[in-house]
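Q: could you look at this predicted model? Sequence included:
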Amino acid sequence: MANLNSSVLVVDDYGTMRRIIRNLLAQIGFNNVDEAADGATALGKLRERPFGLVISDWNMEPMTGLQLLQEVRADNKLKSMPFIMVTAESKTENVVAAKQAGVSNYIIKPFNADTLKKKIESVLGPL
């Protein structure tokens, strides 16, 4: 059973997308949500306090979501953290690269609360 009280970190360089994901998370019961506008900021937050899940965009500057994922997986304290990648691109090579880097799951934009819930449940267990 997933813990709806655990913190979720939403990482996206577009404030509108962070707000959309935050609203979708609220619809499925997650209210403890923090945000980061880029991978470097996200990494700092992840190293400061515990999070139960990271939902990160792929295309960001200066650190991409894939680079953030690689940093998380290389960090002994963070490497087992559930990490869901969000992207507008469904290119096979991106999916393969994310899987090789240790992504927990992958969501293609656009998506709705139901899709997000299913992806989170596949990673954290039933909500």
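A: Received the coordinates, thanks.
Q: contacts, neighbours, all on C-alpha from now
A: OK.
Q: next one: phi and psi at residue 10?
A: Phi and psi for residue 10, reported as degrees, to the nearest 10, are phi -100, psi 120.
Q: and residue 116, by the same measure?
A: Taking degrees, to the nearest 10 as the convention, residue 116 sits at phi -60, psi -40.
Q: what's the pLDDT at it?
A: Residue 116 is assigned 97 on the pLDDT scale.
Q: just residue 49 next, same as before
A: 93.
Q: residue 94 too?
A: 87.
Q: please, which helix or strand holds it?
A: helix 92-101 (DSSP states H and E).
Q: elements contacting that helix?
A: helix 65-74 (3 or more Cα pairs under 8 Å, 6 or more residues apart in numbering; DSSP states H and E).
Q: after the helix holding residue 94 comes which helix or strand?
A: Counting by DSSP H and E, what follows helix 92-101 is strand 105-108.
Q: in that next one, what's buried?
A: 105-107 (16 or more other Cα atoms under 10 Å).
Q: same deal with stretch 61-72?
A: Residues 63-72 are the ones in stretch 61-72 that count as buried (16+ other Cα under 10 Å).
Q: and residue 122, what does it touch?
A: residue 105 (Cα atoms under 8 Å, 6 or more residues apart in numbering).
Q: near residue 96, how many other residues are there?
A: 12 (other Cα atoms under 10 Å).
Q: ok, now the one 3 residues further on?
A: Counted with other Cα under 10 Å, the burial measure for residue 99 works out to 15 neighbours.
Q: so for it, what pLDDT did the model give?
A: On the pLDDT scale, residue 99 gets 94.
Q: please apply the same query to residue 14.
A: For residue 14, the pLDDT comes out at 94.
Q: please apply the same query to the one 10 residues further on.
A: Residue 24 carries a pLDDT score of 97 in this model.
Q: against which helices or strands is the helix or strand containing it packed?
A: Residue 24 belongs to helix 15-27 when assigned by DSSP H and E. If contacts are counted by 3+ Cα pairs under 8 Å, 6+ apart, helix 15-27 sits against strand 8-11, helix 113-124.
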